[in-house]
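Participant: Predicted model, plus sequence, below.
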Amino acid sequence: MKKESFHFSYMILLLTIASHFLTSTQLRCHEDERSALLEFKATFFNRKPWCCDNDFLGEPPKIESWNASTGEIQSDCCSWAGVECDKVSGHMISLNLSCSCLSGKINSNTSLFRLLRLRSLDLAMNDFNCQIPPAIGNLGSLSHLDFSHSNFRGHIPHSLSNLSKLVHLDLSTNMLNGTILPLENLTQLTHLDLSNNSLNGTIPIYFGDILKLNHLDLGSNVLTGEIPSFLGNLVQLKYLSLGNNELMGQIPSSLGNLVQLTILNLSYNQLTGKIPSSIGNLVQLTDINLCSNQLVGEIPLSFQNLVELRGLTLQSNQLSGEIPSSLGKLTQLTDIVLSYNHFHGAIPSTILRLQGLDVLDLSSNNLSGTINFDVFLEVQSLQVLKLSSNKLSLIVETNITHQFFALGLGSCNLNGFPKFLQDQDSLLVLDLSHNNISGQVPEWFLNLSIEFLSHLNLSGNFLTSFAQDPVIFKWKSLLDVDLSFNELQGSIPIPTLEIKNYFISNNKLSRGISPLICNLSSIQMIDLSGNSLTGFLPQCLSKLSGTLKVMSLRSNNFIGKIPQLNGNFCMLSMIDLSYNKLQGPLPRLLRSCNSLEFLNFANNHIRDVFPSWLSSLPSLKVLLLQYNRFHGLIGEPSNEIDFPMLQIIDLSHNSFSGSLPSKYFKHWIAMKVSKTYPSSYIGDAIMRFLFPDATYDYSMSVIAKGIQMNYSKIQEYLTLIDFSSNNFSGAIPETIGSLKQLELLNLSNNMLSGSVPSFLANLTNLEALDLSQNHLSGEIPLELTQLTSLEVFNVSYNRLTGPIPQSRQFATFENNSYKGNSGLCGNPLSRKCRDLKALPPSSSTSKEDQDSGSAMELDWKIVCMGYASGFVIGVVLENTLITGRRAENLVKNFGRRKER
């Protein structure tokens, strides 16, 4: 026993001596590296309040503890936070300064680039606000580089391709642009994250040679082209995200080779075609997100092989067929999101046996059938259930204790408020829109989930009132409420101060706007249109312009002057005050609203001159001032660029005089340049708070003799000028011929003189041209027959002479297009030309002589309104089929009015 004790004591002694020897001989950091770090700290460290998330955790930035003291511990930079040195050479090999309150512009002379032996460099979550310096390519030993979340700008430097040892590269969440070509030599990469930048171009072909990649994230950029099939070569991939780009084409079947993949995100692109069945080979997948594309067809049967799948997100496509019952075999599923597609049939009972299911979103499809709400309660973990906008009939019992976070029961044929809602204490989202709920809102409903309810949609019912008038909502967290399209009477309900989006249009509300509305300090969208509200607009509304993006008060009975805006800060993108009785001039502080793109003051009593002071607004696309008391000359623009984005302008039915604004026409660039995004709509950029697919749509209606044709969205390429029913005089200016994208032009009911100009033939996209009721003379130029898109042409009640052109579109126009011109002859008029040889050749059979017996001219009464779609997102546009005579159809679209 004594011998063993002696040996143990001897070993302890040897270890102590060895430890002392190693400590006394261990290499400390090199002085040149130490000085480089201290120089870097002095240059870039700036302890600002809340400069990094570490402040929330109570941890000081790593760099703050670095000390220039000569003490033994303090001077050893290898002991500093974020620094790691090689244990043999003492050289610095790793530097982690993430979240260290660093700011300033790094350049190639920065001391950091003298640390040539670095293997790992992490500068994430700082604020450098500059380009990535080319000197980064000098750190040839780097295997790990993280510059994410640090406000780097510009192009990826070509010198990065020198870092051939890189295994991990993260440049995500910066402001990088240009292509990603400079990375072709980085064949050792296993982790590449370039997401959340503005990188463009196609996915480089050399990506197919980076065979060791297991994590590839190119999401949230501006990448174009197709998803390349060579990505199927990267068989080590476990994570692939290409979402939120502008990729097109079909999903390549070669992605089915990535059998180790666990995450696949191709969402928010423009992908088409069917989902390839080879995706069913990815048996390790836990999450697949293909939402917001244009995919068609059915969910592949091979999806039943994805037994590890937890999240299935296919919303906002054009998928069809029945929801496969085989999804019930995927027992790991927690989230099924199939909304905004064309699925039909019944809800498969098999998916209601998935005991781990948390989220089931089947809204906005064509699902049908009668279903008892109790079947959903069998899924005890279910917290989010969305069934809105289908063809379902829901039977709801009262004895329900299951707690939900979100319920979408819109369009479910409910006849009243489900009483089980009284016991829902944790509800965040509730949609009961477009049911048959009528009468007064019960008092208990106003106490529903007071602490948590944030989004409420009761639109499209038959609600008449609240128990109190005015009612003040008690919901403390309410952000979004939609009460539009009901029969609510009385005063405007007062929402909570935190409200962001408030829609209560198309009801029967009366009285005025309460000044309490002015206290909504977070409001972004408010729509009170289509009611019977009266009185003056409160001056305090100007307080809201700092947060408000959309304000629609159209179709009420407001009187008095329009309130001024907050001149210091204006966020407004859309203002619609049309169809009221407002007077006085336009508020001049509108010129401070640089985000304004839609402005509608039509059908009021506004007396003012042309608002040339709006011409500097960089985003204004739609200006509607018709049916007011504007007067005077339009004058000349004051700048080289005036109304640069204007594409729809209606000044009709005012008292403008003088010549047409020829120099303004010269500056309206948006009417000259072809749009490259024909499928988008004005207002698409304004998103509802809750739903990523939701927008507040600017809509337009065309009144045709009492018949209204609704365009629930305004297409980005639509261009229109309506200067009709004013006192404009003189000739039609040549500059109007430069507006080559113009589709609708109405100059009728003025005092224009001179000839019908041949340069109008330059307007090759023109669909409707109305020059009626002017003093135009001379012949109709033959060049106008080149307008092959022209569907409506009206020159009636002028002083035109000579033969009517007969070829192309002109062979389709009827008698009313030419009436009131005693000097015109030829078809379709009964007056024949004496010299038939002078007539241009006709390309169609002559029609019988017609005479409608009444004067006609186009009257484009454009009614534009913001249409709040509520929680039922997605709009079906009514497209009119042109049958028979095309002119007849367009006349119906644009309307008629009697001769003056």
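Facilitator: Arrived safely, thanks for sending.
Participant: okay, CA-based contacts and neighbour counts for the rest of this
Facilitator: Will do.
Participant: Verify the contact between Ile606 and Asn628 for me.
Facilitator: Yes - counting by C-alpha atoms under 8 Å, Asn628 is a contact partner of Ile606 at 5.4 Å.
Participant: residue ranges with poor pLDDT in the protein?
Facilitator: 1-27, 47-51, 53-58, 69-74, 567-568, 676-679, 684-696, 700-712, 835-900 (pLDDT under 70).
Participant: how about the strands of the stretch 601-750 of the chain, start to end?
Facilitator: Here the stretch 601-750 of the chain has its strands, by DSSP state E, counting those that start in this stretch, at 605-606, 622-624, 631-633, 648-650, 655-658, 697-704, 707-711, 720-722, 727-730, 744-746.
Participant: Including mean neighbour count, could those strands go into TSV?
Facilitator: Formatted as TSV, the strands of the stretch 601-750 of the chain follow (neighbours: other C-alpha atoms under 10 Å):
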stretch	mean neighbour count
strand 605-606	22
strand 622-624	22
strand 631-633	16
strand 648-650	20
strand 655-658	20
strand 697-704	21
strand 707-711	17
strand 720-722	21
strand 727-730	20
strand 744-746	22
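Participant: Select, out of those, the one closest to Arg114.
Facilitator: strand 697-704 (55.4 Å; C-alpha to C-alpha).
Participant: before we move on, the earlier item: of the strands of the stretch 601-750 of the chain, which approaches Ile517 most closely?
Facilitator: Of all these, it is strand 697-704 that lies closest to Ile517, at 23.1 Å by C-alpha to C-alpha.
Participant: Now do the contacts for the closest residue to Ser545 other than its chain neighbours.
Facilitator: Distances taken as C-alpha to C-alpha, 6 or more residues apart in numbering put Cys570 closest to Ser545, at 5.0 Å, once the chain neighbours are dropped. If a contact means C-alpha atoms under 8 Å, 6 or more residues apart in numbering, then Cys570 has Ser545, Gly546, Thr547, Leu548, Ser592, Cys593, Asn594, Ser595 as its contacts.
Participant: now do Asn519
Facilitator: Asn519 makes contacts with Leu497, as judged by C-alpha under 8 Å, 6+ apart.
Participant: And it, how far from Thr496?
Facilitator: Going from Asn519 to Thr496 by C-alpha to C-alpha, to the nearest Å gives 9 Å.
Participant: now the contacts of Cys570 as CSV including neighbour count?
Facilitator: Output for the contacts of Cys570, formatted as CSV (neighbours: other C-alpha under 10 Å):
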residue, neighbour count
Ser545, 23
Gly546, 20
Thr547, 18
Leu548, 25
Ser592, 19
Cys593, 26
Asn594, 18
Ser595, 16
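Participant: quick one: which of those residues is nearest to Lys386?
Facilitator: Comparing the contacts of Cys570 against Lys386 with C-alpha to C-alpha picks out Leu548 as the nearest, at 29.3 Å.
Participant: For that closest one, give me its contacts.
Facilitator: Leu548 makes contacts with Ser522, Ile523, Gln524, Met525, Ile526, Cys570, Met571, Leu572, as judged by C-alpha under 8 Å, 6+ apart.
Participant: Now do stretch 168-182: everything it contacts.
Facilitator: Residues contacting stretch 168-182 (C-alpha under 8 Å, 6+ apart): 143-161, 189-204.
Participant: circling back to that earlier point, could you tell me which of the contacts of Leu548 belong to strands?
Facilitator: Met525, Ile526 (DSSP state E).
Participant: and the contacts of Leu548 as CSV, adding distance to Phe452?
Facilitator: Converted to CSV, these look like this (distance: C-alpha to C-alpha, whole Å):
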residue, distance to Phe452
Ser522, 18
Ile523, 18
Gln524, 20
Met525, 21
Ile526, 22
Cys570, 30
Met571, 28
Leu572, 29
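Participant: Among the contacts of Leu548, which one lies nearest to Arg28?
Facilitator: For the contacts of Leu548, the residue nearest Arg28 by C-alpha to C-alpha is Ser522; the value is 55.9 Å.
Participant: in terms of contact, does that closest one touch Lys543 like I think?
Facilitator: No - using C-alpha under 8 Å, Ser522 is not in contact with Lys543; the gap is 10.8 Å.
Participant: Where do the helices of this structure begin and end?
Facilitator: 2-25, 31-44, 54-57, 374-377, 662-667, 886-894 (DSSP state H).
Participant: Look up how far Leu139 lies from Thr190.
Facilitator: Distance from Thr190 to Leu139, by C-alpha to C-alpha: 19 Å.
Participant: likewise Asp374?
Facilitator: Counting by C-alpha to C-alpha - Asp374 and Leu139 are separated by 64 Å.
Participant: before we move on, what about Leu382?
Facilitator: 52 Å.
Participant: who's more crowded, the two?
Facilitator: Leu382 (24 against 21; other C-alpha atoms under 10 Å).
Participant: For the more buried one, give me phi and psi.
Facilitator: Note on Leu382: its backbone torsions stand at phi -70, psi 120 [degrees, to the nearest 10].
Participant: mind listing what's buried in stretch 259-273?
Facilitator: 259-272 (16 or more other C-alpha atoms under 10 Å).
Participant: measure that stretch end to end?
Facilitator: 22 Å.
Participant: got a list of contacts for that stretch?
Facilitator: Here stretch 259-273 makes contact (C-alpha under 8 Å, 6+ apart) with 235-251, 281-297.
Participant: Put the buried members of the residues you listed into a ChimeraX selection.
Facilitator: Buried residues among the contacts of stretch 259-273 (16+ other C-alpha under 10 Å), as a ChimeraX selection:
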select :235,236,237,238,239,240,241,242,243,244,245,246,247,248,249,250,251,281,282,283,284,285,286,287,288,289,290,291,292,293,294,295,296
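Participant: Narrow the contacts of stretch 259-273 to those in strands?
Facilitator: Per DSSP E, those map to strands at 239-241, 248-250, 287-289, 294-297.
Participant: Redo those residues as CSV? Include distance to Gly82.
Facilitator: CSV is the format used below for those (distance: C-alpha to C-alpha, whole Å):
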residue, distance to Gly82
Tyr239, 28
Leu240, 30
Ser241, 30
Met248, 43
Gly249, 46
Gln250, 46
Asp287, 34
Ile288, 37
Asn289, 37
Gln294, 47
Leu295, 47
Val296, 51
Gly297, 53
